[in-house]
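[1] please work out how this folds:
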Amino acid sequence: MAENKILEDLRAKLTDSLDENNDFLRSEAERFAKEKNIEGVAAATQLIAEIMPQSQKDEVERLTHMDGMRLDQVQEKIVALVGEKKLNEAKSLAERLYKKIILDYSEGEKSKFVSLRNPFEDNLYQLRYKSDKVLNRSPFDFGTMLTTYAYILVETGSPLDAIPVLEKAMEYNPLDCGPRFELAEVYKLLKNKRMLIETTKETLKVASSPVAIARCYANVGYSLTDMGEFDDAATFLTASVMFAPHPAIPAEMRDLAQRKGSPIKQPNRDDIIAVMKKYDIPFGPNEDVISVAAQLAANYLMEKDIPNALMALKLTYNLTLDEDIKKLILSYEPNAQQIVPGQESAEEGNKPNITQTVNNDPEE
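    Residues are numbered from 1 along each chain as shown. Okay, here's the model as predicted:
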């Protein structure tokens, strides 16, 4: 009923000018969004679609659909095919989706499309990747879609072909660790330690959860194991479990000792930092990531937007373990069961679990 009343009020303010109506409705939609008025956003969006000329409606349909399905529905079909082990069928569909995305949503001279997913990514992007071009928000998560295609390419024996696809995925969202983790997998398969380390260093600049940081260190650890650098591998695997324990790593440490033929010395924090310096890899979260999360939390608190403030505060706490931040979180959410998340990281979102960054069979 509330949405119907808003529709009536908005319709009553429309004029005979299409441009004026568009500007008015978009302005109202933005206002409703800031007020967290879901019914208002829906009403304004509905009217924008209603007054749109048929030619524009047809173009929107062309841009957002393939084979009569929305692009996100095509992605769901691809993921389902992967789950059913129908990789060749999934590859064909994913390749078509990839080509459509890079053709219809290519970077222009004055603008580019981005697939940033939340205010944290918006703010970190402006700090880390600020561009003079106009940023247009893509209608779907293209970073995930392209990463899925790259994963299929790897699984069907074409890891080299996956590299430019993943680089394109990172152009749409350089804050998403997903394509970066998949790129690390490619370099592990290719035994390219230098590029694996470079990829890990870049991933650590945007990793926003303990789980993401742990996966970065685990990637390097597994690569060093393959290279026979067992003590350094153990150091990186130890650093990984310091941020997020994983059940595969204790078995991997035992395997390291067997391969080396002697016990692995348990490194302390100073040992870990020293070894990481050899590879020019930092220990711990990136300061810019912490700063953006903390500033976002402060802004939301000033606006009295407690739900979003809590999300930003938890992100900040997970990276810092600051007791004052923990107390602040508990002051707003006394019954918080778990401040530090489990294995599902913020980067994962609702994406399909198709990227393997941990050796689940370390004895092999």
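
[2] look up how far residue 322 lies from residue 306.
    Plainly put, residue 306 is 19 Å away from residue 322 if you go by CB to CB, to the nearest Å. Where C-beta positions appear, they are placed from N, C-alpha and C, glycine not excepted.

[3] tell me the centre residue of the chain?
    Per CA atoms, centre = their mean, the C-alpha nearest to the average position across the chain is that of residue 176, at 2.8 Å.

[4] give me the pLDDT for the residue nearest to that one when sequence neighbours are not counted.
    The shortest distance from residue 176 to any residue other than its chain neighbours is 4.5 Å, reached at residue 143 (CB to CB, 6 or more residues apart in numbering). Looking at residue 143, its pLDDT stands at 96.

[5] likewise residue 30?
    82.

[6] please, which helix or strand holds it?
    Element membership for residue 30 (DSSP states H and E) is helix 18-34.

[7] please list the residues outside that helix that contact it.
    When contacts are taken as CB atoms under 8 Å, 6 or more residues apart in numbering, the neighbours of helix 18-34 outside the stretch itself are 10, 13-15, 38-41, 43-45, 47-48, 51, 53.

[8] mind checking how far it is from the chain centre?
    Taking CA atoms, centre = their mean, to the nearest Å, one finds helix 18-34 lying 29 Å from the centre of the chain it belongs to.

[9] quick one: buried residues of it?
    Buried residues in helix 18-34, defined by neighbour count with 16 or more other CB atoms under 10 Å: 21, 24, 25, 28, 29, 32.

[10] ok, back up a step: helix, strand or coil: sort out the residue nearest to residue 176 for me.
    Using DSSP: H, G, I helix; E, B strand; the rest coil, the secondary structure recorded for residue 143 is helix.

[11] surely it and residue 168 touch.
    No - here residue 143 does not reach residue 168: they are 9.2 Å apart, not a contact under CB atoms under 8 Å.

[12] so for these two, which residue has more residues nearby?
    Using other CB atoms under 10 Å as the criterion, residue 143 and residue 168 rank with residue 143 on top: 28 against 20.

[13] contact partners for the more buried one?
    For residue 143, the contact set (CB under 8 Å, 6+ apart) comprises 115, 169, 170, 172, 173, 176, 178, 179.

[14] try 10 Å this time
    Shown in contact with residue 143 (CB atoms under 10 Å, 6 or more residues apart in numbering): 114-117, 166, 168-180, 351.

[15] again with residue 295
    With contacts defined as CB under 10 Å, 6+ apart, residue 295 is in contact with 123, 127, 312, 316.

[16] from the residues you listed, which land in helices?
    Using DSSP state H to define helices, the subset of the contacts of residue 295 located there is 123, 127, 312, 316.

[17] circling back to that earlier point, so what sits against both of residue 143 and residue 168?
    For the pair residue 143 and residue 168, residues contacting each of them under the criterion CB under 10 Å, 6+ apart are residue 179.

[18] shaky segments in the stretch 251-364 of the chain?
    Low-confidence segments of the stretch 251-364 of the chain (pLDDT under 70): 337-364.

[19] how about the helices in it?
    Secondary structure of the stretch 251-364 of the chain (DSSP state H, counting those that start in this stretch): helices located at 269-278, 287-302, 306-320, 323-332.

[20] tell me the buried residues in the longest one?
    When burial is assessed from 16+ other CB under 10 Å, helix 287-302 yields the following buried residues: 289, 290, 292, 293, 294, 296, 297, 300, 301.

[21] can you redo the residues you listed as JSON lines with distance to residue 242?
    JSON lines is the format used below for the buried residues of helix 287-302 (distance: CB to CB, whole Å):
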{"residue": "289", "distance to residue 242": "18"}
{"residue": "290", "distance to residue 242": "17"}
{"residue": "292", "distance to residue 242": "23"}
{"residue": "293", "distance to residue 242": "20"}
{"residue": "294", "distance to residue 242": "22"}
{"residue": "296", "distance to residue 242": "26"}
{"residue": "297", "distance to residue 242": "24"}
{"residue": "300", "distance to residue 242": "30"}
{"residue": "301", "distance to residue 242": "30"}
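
[22] tell me the one of those nearest residue 251?
    residue 289 (30.7 Å; CB to CB).
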